[in-house]
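Undergrad: sequence and predicted structure, then a few things I'm wondering about:
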Amino acid sequence: MDTALKKRIGKAVTWVMTFLLMLIICLPGLWVVLTGFRPNREVLAKPAIWIPEELTLNNFAQIFGFGAEQVAIPVPAYFTNSLIIALTSTVIAILIGMSGGYAFARFRFRFKDGIFLGLMLSRTVPGIALSLPVFMIWSRLGLIDTKPGLIIVYVALNIPFTIWLIDGFFRQIPKEMSEAAQVDGCTRWQAFWKIEFPLARSGIASAAIFAFLTSWNEYALASQLTRSTDSKTLPVGLMDFTAQFTIDWAGMSAMAVIIIVPALILTFIVQKHLISGLTFGGVKG
Amino acid sequence: MAEIKLQNVVKKYGPLEVVHGIGLDIEHNEFVVLVGPSGCGKSTTLRMIAGLEEISDGTISIGPQVVNDLPPRKRNISMVFQNYALYPHMSVRENLGFGLKIAKQPEAVVAERVREAAEILGLEELLERTPAELSGGQRQRVAMGRAIVRHPEAFLFDEPLSNLDAKLRVQMRTEIKKLHQRVKTTVVYVTHDQVEAMTLADRIVVMKDGWIEQVGTPMEVFNHPLNTFVASFIGSPPMNLIDAEIADNRIVLSDGTQLPIPERLEQHVRDGQKVVFGLRPDDLTPQGHGIAESGHRATVELTVELAELLGTETILYTRINGSEVLGKMFDPRDVSPGERMTFNISLDKVHLFDAETQKSVRLG
């Protein structure tokens, strides 16, 4: 066999393998999306109907309360809660992450390494392990089933990560940049906003996406700390589709699509930042 | 334009003192070079003048004003950094104009000053590029341009040429010299390269371990080093330093060679004193191959171990009592290793240092 042919076969094999792998990864997602657009009876049919025969928007219409049939699930309220909680906690986590990351990258202070290690170690505790203590404290403080209650939890969850990531990006920027700006007439504050912040922007954007997705998708803690439309988020709302004897798979899948889409859009918008950001931050010494 | 005064300036990092109370007067429009090996405190000193490091004790003044507690932006200085520190997200034009913009100068003034600086440094064609699109030499020029647009009281240079290749370094060195002649301003320049120091400076400040070893014009520092450190640091190849003793009004080298004491040094030494005998390679030349063969001379027989041809001259490696001694052969001929040659020593150029203090015997 000549080498050109070998190369082509090798390439073909690589592509087939990649396709199979992607299929395994994407199939559940694809199935959820498809189910969201199929009528419930087709979803539950026995024997299973593998290739959809009928596609419909009914499930979405029901969720949002249009059309004849209605589902008694307040999706718009959940959506609003999710948006408010995820955005607020992201903004706070990023602001604190920026200050903290900058401090770790630029300043010398007592117990710096210890504090940094402590922050990282806090990430090793599984979130669910904290649910009981958090629940007890929150119930005393009256924070159960409130948006601020959940926001505080998500901020705490995200801060170690945002600090770590943003610290890496500020470290990449030589401190002479800020010094040059200060000699050029800037205050330290101006030097930060005019020079260092724009240079670290992609890193901060990456951190923001991760923080947002964490809060947006989080289920375990939210399911413990929320009760009603006051604070229930979309992932928790999914469980509303399970009744004592039935599960509305089609409706549940439609709602899953609603959860996935904003995250997907956001990821695509900042994808370029995300990738360049991760490699840029990754090579730090 | 202003003079810069350092009085008893100390820098400590915690318990570690890195600059030990140095004093220095830099005159109006003077080009002063701080030179020394790494870790000698020269960069720290420059950064204290810039206000990027706090000073632990003493005072620094620029012009009439004590600047100890002023932030960098209020000192009216500009600085060129070793890694240029150009703002990567701005074009060359924005980089140059940044300081003026921060100072809220009218746009017409900014444009005019940027144009002027670009013209001086030959950057007109590059104004719309970003730093990433520039070569090393061009970046260096932009960094200098950013310093001159603001018409500061003083320029501070922190090893500005050390990131350039050898050829470009020589070229930029000349440009810095020209720039100083054109834009008359006080300059403080830090380098570890003694050639840069010699060629650029009005005055050289030689530093070591946080102390100033000597301050003087390049000529003074080269011809009259105050101690063995300065003697061996300034000049390339370095000065030969050979252990010796004064006996019977003669200098006795460690291998027993006897040399007369030059007249100008006679009164500074005493019988039995242990000394270090200093002689530059330029002043140890094979007979018939020196620069000037006149003046007081002594001769010594030495075996050449190695000859390095440099073109107009050859460096000869010999040995006196085990320690390496370098000589220079001008107008060179082929020399084979192991050859014994008679060398002239220019007695007028001999240096003597006290063996104990390592200081020039002329200091008493």
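TA: Looks like it came in fine. The structure displayed is predicted, hence computed values, not measured ones. Numbering: from 1, shown residues only, chains lettered A, B, ... in the order given.
Undergrad: look up phi and psi at residue A:242.
TA: Torsion angles at residue A:242 (phi, psi; degrees, to the nearest 10) stand at phi -100, psi 120.
Undergrad: which bits of chain B sit near chain A?
TA: B:50-52, B:71-73, B:77-79, B:81-83, B:85-89, B:98-99, B:102-103, B:146, B:150 (Cβ under 8 Å from any Cβ of the partner chain). Every C-beta, even on glycine, is put in place using the N, C-alpha and C of the backbone.
Undergrad: can you name the residue of the stretch 151-300 of chain B nearest to chain A?
TA: Residue of the stretch 151-300 of chain B nearest chain A, by Cβ to the nearest Cβ: residue B:156 (8.1 Å).
Undergrad: wait, residue B:210 sits on residue B:12?
TA: No. Using Cβ atoms under 8 Å as the test, residue B:210 is too far from residue B:12 to be in contact (10.2 Å).
Undergrad: looking at the two, which one has more neighbours?
TA: Between residue B:210 and residue B:12, counting by other Cβ atoms under 10 Å in any protein chain shown, residue B:210 is the more crowded of the two (21 against 14).
Undergrad: got phi/psi on that one?
TA: Phi and psi for residue B:210, reported as degrees, to the nearest 10, are phi 80, psi 10.
Undergrad: quick one: it from residue B:11, how far?
TA: 8 Å (Cβ to Cβ, to the nearest Å).
Undergrad: what touches both of the two?
TA: Shared contacts of residue B:210 and residue B:11, defined by Cβ atoms under 8 Å, 6 or more residues apart in numbering or on different chains, comprise B:17, B:18, B:19, B:41.
Undergrad: confidence score at the last one?
TA: What the model reports for residue B:41 is a pLDDT of 92.
Undergrad: do the same with residue A:281
TA: For residue A:281, the model assigns a pLDDT of 39.
Undergrad: sorry, back to before: which residues do residue B:210 and residue B:12 both contact?
TA: Common contact partners of residue B:210 and residue B:12 (Cβ under 8 Å, 6+ apart): residue B:18.
Undergrad: tell me how chain A divides into domains.
TA: A:3-63, A:75-282 (automatic domain parsing).
Undergrad: just those: most buried one?
TA: Mean neighbour count (mean count of other Cβ atoms under 10 Å in any protein chain shown) peaks for domain A:75-282 among the domains of chain A, with a mean of 18.
Undergrad: next, see if that one gets close to chain B.
TA: Yes. Using Cβ under 8 Å from any Cβ, domain A:75-282 reaches chain B at A:174, A:176-177, A:179-188, A:190, A:194-195, A:198-199.
Undergrad: how about the helices in the stretch 151-300 of chain B?
TA: Assigned by DSSP state H, counting those that start in this stretch, the stretch 151-300 of chain B shows helices spanning B:166-182, B:194-200, B:218-223, B:228-233, B:263-266.
Undergrad: next, format those as a markdown table and append mean neighbour count and mean pLDDT.
TA: Output for the helices of the stretch 151-300 of chain B, formatted as a markdown table (neighbours: other Cβ atoms under 10 Å in any protein chain shown; pLDDT from 0 to 100):
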| stretch | mean neighbour count | mean pLDDT |
| --- | --- | --- |
| helix B:166-182 | 15 | 89 |
| helix B:194-200 | 21 | 92 |
| helix B:218-223 | 17 | 94 |
| helix B:228-233 | 22 | 94 |
| helix B:263-266 | 12 | 86 |
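Undergrad: residue A:85: which of these is closest?
TA: Residue A:85 sits nearest to helix B:166-182 of all the helices of the stretch 151-300 of chain B, at 56.9 Å, using Cβ to Cβ.
Undergrad: show me how far the closest one is from its chain's centre.
TA: 15 Å (Cα atoms, centre = their mean, to the nearest Å).
Undergrad: what of stretch A:44-56?
TA: On the basis of Cα atoms, centre = their mean, stretch A:44-56 sits 32 Å off its chain's mean C-alpha point.
Undergrad: what does that stretch rub up against?
TA: By Cβ under 8 Å, 6+ apart, stretch A:44-56 touches A:34, A:37, A:38, A:39, A:42, A:249.
Undergrad: for the third one, which non-adjacent residue is spatially closest?
TA: Closest residue to residue A:38 in three dimensions, ignoring its sequence neighbours and counting by Cβ to Cβ, 6 or more residues apart in numbering or on different chains: residue A:52, at 5.3 Å.
Undergrad: for the one you found, helix, strand, or coil?
TA: At residue A:52 the chain is in coil, as set by DSSP: H, G, I helix; E, B strand; the rest coil.
Undergrad: ok, residue B:302 next?
TA: Following three-state DSSP, residue B:302 is assigned to strand.
Undergrad: relative to chain A, how far out is it?
TA: 49 Å (Cβ to the nearest Cβ, to the nearest Å).
Undergrad: on that earlier part again, from the contacts of stretch A:44-56, which land in helices?
TA: A:34, A:42, A:249 (DSSP state H).
Undergrad: of the residues of chain B next to chain A, buried ones?
TA: B:50-52, B:72-73, B:77-79, B:81-83, B:85-87, B:98-99, B:102, B:146, B:150 (16 or more other Cβ atoms under 10 Å in any protein chain shown).
Undergrad: and the one residue sitting closest to the centre of chain A, what does it touch?
TA: Residue closest to the average C-alpha location in chain A (Cα atoms, centre = their mean): residue A:213, at 0.9 Å. By Cβ under 8 Å, 6+ apart, residue A:213 lies in contact with A:263, A:266, A:267.
Undergrad: picking up where we left off before, which ones are touching the residue of the stretch 151-300 of chain B closest to chain A?
TA: B:46, B:49, B:50, B:77, B:78, B:79, B:80, B:187, B:188, B:189, B:190 are the contacts of residue B:156 under Cβ under 8 Å, 6+ apart.
Undergrad: before we move on, what about residue A:21?
TA: Applying Cβ under 8 Å, 6+ apart, no residues contact residue A:21.
Undergrad: run the chain-centre distance for stretch A:169-182.
TA: 30 Å.
Undergrad: what mean pLDDT does that stretch get?
TA: 90.
Undergrad: now the end-to-end length of it.
TA: Taking Cα to Cα, to the nearest Å, stretch A:169-182 runs 20 Å from one end to the other.
Undergrad: what's stretch A:28-43 in contact with?
TA: A:49, A:52-60, A:248-251, A:253-257, A:260.
Undergrad: for residue B:201, give me its contacts.
TA: The contact partners of residue B:201, by Cβ under 8 Å, 6+ apart, come to B:31, B:32, B:33, B:189, B:217, B:218.
Undergrad: try it again with 10 Å
TA: B:30-35, B:177, B:187, B:189, B:191, B:216-218, B:221 (Cβ atoms under 10 Å, 6 or more residues apart in numbering or on different chains).
Undergrad: next: residue B:19.
TA: Applying Cβ under 10 Å, 6+ apart, the residues near residue B:19 are B:6, B:9-12, B:40-42, B:44-45, B:48, B:53, B:55-58, B:207, B:209-212.
Undergrad: 7 Å instead, please
TA: B:9, B:10, B:11, B:41, B:44, B:45, B:210 (Cβ atoms under 7 Å, 6 or more residues apart in numbering or on different chains).
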